[in-house]
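Colleague: Quick check, what structure comes out for this input:
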Amino acid sequence: MLESGCKAVKEGMLEKRSDGLLQLWKKKRCILTEEGLLLIPPKHPPPPQQQQQQPAPPAEPAAKIKELHFSNMKTVDCVERKGKYVYFTVVMAEGKEIDFRCAQEQGWNAAITLQMVQYKNRQAILAVRSTRQKQQHLAAP
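Modeller: Prediction:
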């Protein structure tokens, strides 16, 4: 997603529950694109396409930036409103669950769900077109 220069649909802060024993909430700078969700540690420099138009290598290793691509995402689940926060879980295709929370008015869960559905719809349309083209190619004398 970083390399493809996808357009940012939404940017802001989200809190992600850590996988460790304490399961602390850690702030992440997030960029939602048409391809997925980028999770960036808050002190990390912006991705290259945010700094300038031409792709350039990041100042730090990209290993710190986590990419949750919609092709690997199954659902956005477990929406719960408690106090000032909305809690939700992103379920990945391999079964991994990633918990997030944000202020209710930010609407991250809805934005992620909408972009994921639009991505899956685009993939389904491409698959149908590809199948039709193959059928037409085979039917041609």
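Colleague: From the centroid of this structure, which residue is nearest?
Modeller: Closest to where the C-alpha atoms of the chain average out (CA atoms, centre = their mean) is residue 37, at 2.0 Å.
Colleague: Across the sheet, point out what pairs with that residue.
Modeller: Listed by DSSP bridges, the beta-bridge partners for residue 37 are residue 32, residue 68.
Colleague: Could you check how far residue 42 is from residue 23?
Modeller: Residue 42 is 19 Å from residue 23, where distance means CB to CB, to the nearest Å. C-betas here are computed from N, CA, C, even on glycine.
Colleague: Same question for residue 138.
Modeller: Distance from residue 138 to residue 23, by CB to CB: 54 Å.
Colleague: And for residue 77?
Modeller: Taking CB to CB, one finds residue 77 at 18 Å from residue 23.
Colleague: Where does residue 135 fall, secondary structure wise?
Modeller: Element membership of residue 135, judged by DSSP states H and E, is helix 108-139.
Colleague: Packing partners of that helix?
Modeller: strand 8-17, strand 25-33, strand 73-82, strand 85-92, strand 97-103 (3 or more CB pairs under 8 Å, 6 or more residues apart in numbering; DSSP states H and E).
Colleague: Going by mean pLDDT, which of those strands comes out lowest?
Modeller: Of all the helices and strands packed on helix 108-139, mean pLDDT reaches its minimum on strand 73-82 (a mean of 90).
Colleague: quick check: angle from it to strand 97-103?
Modeller: 40 degrees (axes from the mean of the first three to the mean of the last three CA atoms, to 10 degrees).
Colleague: quick one: buried residues of strand 73-82?
Modeller: 73, 76 (16 or more other CB atoms under 10 Å).
Colleague: What strands flank it, and is each parallel or antiparallel?
Modeller: Paired strands of strand 73-82, defined by DSSP bridges, are strand 85-92 (antiparallel).
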